[in-house]
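1. just to be clear, the model below is a prediction. Sequence and coordinates:
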Amino acid sequence: MNIHLTGHHLEITPSLKEYIQTKLAKIFHHFDHVIDAKVTLTVIKLEHIVEATIHLPKSDIHAECRGESMYTAIDLLSSKLDRQVIKYKELHKDHHRVEGGLKHQSIE
């Protein structure tokens, strides 16, 4: 799993990088087939903006969050991405599969 970090008007510190990796690791526990993630951190005046795009096998998930501090924006982003990944997983789940491998039981 590759995480690409980009900072606009911001230097990415090792603590920020580690914090993002731990938050995104929770998302990857829900779904193993994540190809890579691109995260962009931006500061405009007093507003901190975090954008992320996660590449999955059949589609991409994009989210953007704003906060008073970069850490709160990252927290909001991780929860938003977590919900979207769970929704993606449910939509692409094979619903035609029968539990236990038995399709029909005959009564004799």
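-> That came through fine.

2. packing partners of the helix or strand where Thr53 lies?
-> According to DSSP states H and E, Thr53 maps onto strand 47-55. If you count contacts as 3 or more CB pairs under 8 Å, 6 or more residues apart in numbering; DSSP states H and E, strand 47-55 packs onto strand 36-44, strand 60-67, helix 70-91. To be clear about C-beta, it is placed using only N, CA and C from the backbone, and glycine gets the same treatment.

3. just want the angle from it to helix 70-91.
-> Per axes from the mean of the first three to the mean of the last three CA atoms, to 10 degrees, the angle that strand 47-55 makes with helix 70-91 is 30 degrees.

4. which strands border strand 47-55, and is each parallel or antiparallel?
-> Using DSSP bridges, the strands paired with strand 47-55 are strand 36-44 (antiparallel), strand 60-67 (antiparallel).

5. relative to Thr6, which of those strands is closest?
-> strand 36-44 (4.7 Å; CB to CB).
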